[in-house]
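In: 3D, please:
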Amino acid sequence: MNDNRDVMMDIETLGTKPGSIVLSVGLVRFNPRPVGAGNPVQSSEVLKMSSLRVNFDAKELAQKGFLMDADTVKWWVFQGEEARKNAFDPSKETIKTLAEGLADIQRFFEPKDRVWGNGANFDIPLVEALYDKSLWSKYPWGYSKVRCYRTVKAMCNWDTSLVPENELWHDPVADCIHQIQTLQAIAYCNPTLLFD
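Out: From the prediction side, this is the model:
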């Protein structure tokens, strides 16, 4: 059993509402207060060892009734070339059917895990909509285990110099790692902050 009970989730999508096409899901397991790291923020290399990226087949999702939003598609046009290539052109070997991808996500979670998203109304609800339309009996996390990174970030002060620059914006695993490192810096600078 893993001592890291927290999982950060980040998604790349073609919309901002539940029922939108999800291009990819990144998951990274972590501890908000790493022990013995010598640094209050874990390195990207360490965090990548406990990560998962699922790339979904956007055409399959569209056929199943998931939608794209014109404003989100337009937003992608103005993102960097590397981010667009990463989101829209993953290697064919890594693309999963909806059933395969959801099964991978299900296996990544352990029963007592907390799941963190960047906004109470974005990452987690959009992935829950994938499960709902697929008729899965339950999500891999309990309703009381959902956490919001954006809320904690807005409520606390922290030393931004503790957080390394994001390696690749709009890559779901790289974004998870950046969010984890920020959360760990927040925990370090706010020792009375409780995560349970």
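In: how about low-confidence regions in the chain?
Out: Along the chain, segments meeting pLDDT under 70 span 1-3, 35-38.
In: can you give me the strands in it?
Out: All strands of the chain, identified by DSSP state E, fall at 6-13, 22-30, 51-56, 95-96, 114-117, 146-148.
In: would you list these in TSV and tack on mean neighbour count and distance to residue 159?
Out: Backbone N, C-alpha and C define where each C-beta goes, glycine included. Formatted as TSV, the strands of the chain follow (neighbours: other C-beta atoms under 10 Å; distance: least, C-beta to C-beta, whole Å):
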stretch	mean neighbour count	distance to residue 159
strand 6-13	25	20
strand 22-30	25	19
strand 51-56	22	25
strand 95-96	18	39
strand 114-117	22	20
strand 146-148	18	21
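In: switch these over to a markdown table; also include distance to residue 43.
Out: Output for these, formatted as a markdown table (distance: least, C-beta to C-beta, whole Å):
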| stretch | distance to residue 43 |
| --- | --- |
| strand 6-13 | 15 |
| strand 22-30 | 12 |
| strand 51-56 | 13 |
| strand 95-96 | 28 |
| strand 114-117 | 19 |
| strand 146-148 | 23 |
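In: how about those, which one is nearest residue 41?
Out: The closest of the strands of the chain to residue 41 is strand 22-30. By C-beta to C-beta, the value is 10.4 Å.
In: could you work out the end-to-end span of stretch 77-96 for me?
Out: The first and last residues of stretch 77-96 sit 24 Å apart, counting by C-alpha to C-alpha, to the nearest Å.
In: actually, stretch 137-148.
Out: 24 Å.
In: contact partners of it?
Out: 6-7, 105-106, 108-109, 112-120, 124, 128, 131, 195 (C-beta atoms under 8 Å, 6 or more residues apart in numbering).
In: run the last query once more with 10 Å
Out: Contact partners of stretch 137-148, identified using C-beta atoms under 10 Å, 6 or more residues apart in numbering, comprise 5-9, 27, 32, 102, 105-125, 127-128, 130-132, 154, 183, 195.
In: out of the strands of the chain, which is closest to residue 72?
Out: Per C-beta to C-beta, nearest to residue 72 of the strands of the chain: strand 6-13, 6.6 Å.
In: and the angle for the closest one with strand 22-30?
Out: Between strand 6-13 and strand 22-30, the angle comes out at 160 degrees (axes from the mean of the first three to the mean of the last three C-alpha atoms, to 10 degrees).
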